[in-house]
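Student: sequence first, then the predicted structure:
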Amino acid sequence: MRRKIIYIIIIAIIVLVLIGGGVYLKTQNQTEISTEKEIVVNENPIVDATKNNTVQKTEVNKISNDPWELIQKIISATKAGNLNDVNSLIYKKCDQSSCEGLLSGMYNILNTLNKTDFVTKWEDSKQMILLTAPKQELVNNNTNYSQSLLFFVKTQTGLEFLMMSYKSLPDLTDSDKDGSPDSTENCSNGNPSCQKTNPSNRDTDGDGWWDGIEKYL
């Protein structure tokens, strides 16, 4: 009788050990599954953060494609005398020696511009030109008309300022709207080194740059 009781106790202990082991294994499996779920959940913010950065970068590029936002940045940079910032905003870069007197000159000119005066815009995927309406003025007691032009180049990082130009009669006619007046393209200005371009074709050589832009590149 005593031996039978001992056998029952031993069997009960074995059953308890097996049950305990099963509970432990189940707990381990649940822990692993829970850990995997946490990793998956934690991936989403990383992906979302990357998307947010992409959106923010796009917004910055969008702002830099606004010519007047760019002009204001150049005005601020030239006023501060920050050549590095200026070079990041203009197409033709310059060093300290060549730009020594340029910054103050750029500031004085660009700071006088009025956005509402520039009523015409010509652009494509590579370039942009802003123009004022011809303005009447009195020169040496003679009535004349003048026009201002702003030239921009579109790069992979956004819009960059190329230069400003000033035209007056008889150089206001620009049939192909490329920034170069017909008189210049026809070489009727008496310049012996002038190279003719087609006043009826924006891009005479077919390289993607308008004739009026290309001569300043």
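Tutor: Now that the structure is in, tell me what you want to look at. On a predicted model such as this, the values are computed, not experimentally measured, just so you know. Residues are numbered from 1 along each chain as shown.
Student: what ranges do the strands span in the protein?
Tutor: For the chain, the strands defined by DSSP state E cover 118-123, 127-132, 135-139, 142-155, 158-168.
Student: what does the fourth one contact?
Tutor: Contacting residues not belonging to strand 142-155 are listed as 65, 67, 70-71, 91, 113, 117-118, 123, 125-138, 159-169, 172, 179, 212-213, 216-217 [CB atoms under 8 Å, 6 or more residues apart in numbering]. (C-beta placed from N, C-alpha, C; glycine too.)
Student: in CSV, list the strands of the chain along with distance to residue 76.
Tutor: Listed next are those as CSV, based on distance: least, CB to CB, whole Å:
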stretch, distance to residue 76
strand 118-123, 19
strand 127-132, 19
strand 135-139, 27
strand 142-155, 17
strand 158-168, 13
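Student: turn those strands into TSV, including distance to residue 202 and mean neighbour count.
Tutor: Shown next, in TSV, are the strands of the chain (distance: least, CB to CB, whole Å; neighbours: other CB atoms under 10 Å):
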stretch	distance to residue 202	mean neighbour count
strand 118-123	9	14
strand 127-132	10	22
strand 135-139	25	10
strand 142-155	14	17
strand 158-168	16	18
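Student: worst average pLDDT in those?
Tutor: When the strands of the chain are compared on mean pLDDT, strand 135-139 scores lowest, with a mean of 85.
Student: in the chain, which ranges drop under the pLDDT threshold?
Tutor: Across the chain, residues meeting the criterion (pLDDT under 70) sit at 1-64.
Student: ok, which stretches of it are helices?
Tutor: 2-64, 67-80, 83-87, 102-110, 182-185, 211-214 (DSSP state H).
Student: which elements pack onto the last one?
Tutor: Helix 211-214 makes packing contacts with strand 127-132, strand 142-155 when contacts are defined by 3 or more CB pairs under 8 Å, 6 or more residues apart in numbering; DSSP states H and E.
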